[in-house]
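Asker: I would like to see how this sequence folds:
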Amino acid sequence: MANLSAKSSPHGGIEIDHRTSRAVCEGIGERLREQMKPTAALPHHLQELMNRFREIEDAPSIIPDAGMARR
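Answerer: Numbers count the residues shown, from 1 in each chain. Below you'll find the model as predicted:
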């Protein structure tokens, strides 16, 4: 992992840059996905709800964005 950086902060913690933070988050996400793979099928009703959620997740929003609301 090149170009990642961490340094001590004046408050006693560790400060990391955005790139390092992103790499850590992605690493944690990969491990969580691997550990939390479903081992059994979901109940039918829950699977239907998950499918519906995926359908509406990509649907256009009915809420105007901030720029439109100010006009």
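
Asker: tell me how far the lengthiest helix in the chain lies from the chain's centre.
Answerer: Longest helix in the chain by number of residues (criterion: DSSP state H): helix 18-35. Remark: helix 18-35 is offset 10 Å from the chain centroid, using CA atoms, centre = their mean, to the nearest Å.

Asker: and the next helix or strand past it?
Answerer: helix 44-57 (DSSP states H and E).

Asker: show the average pLDDT along that following helix.
Answerer: Averaged across helix 44-57, pLDDT comes to 90.

Asker: buried sites along that helix?
Answerer: For helix 44-57, a neighbour-count test (16 or more other CB atoms under 10 Å) marks nothing as buried. For every residue, glycine as well, the C-beta is placed using N, CA and C.

Asker: how far does it sit from its chain's centre?
Answerer: The chain centre lies 19 Å from the centre of helix 44-57; the measure is CA atoms, centre = their mean.
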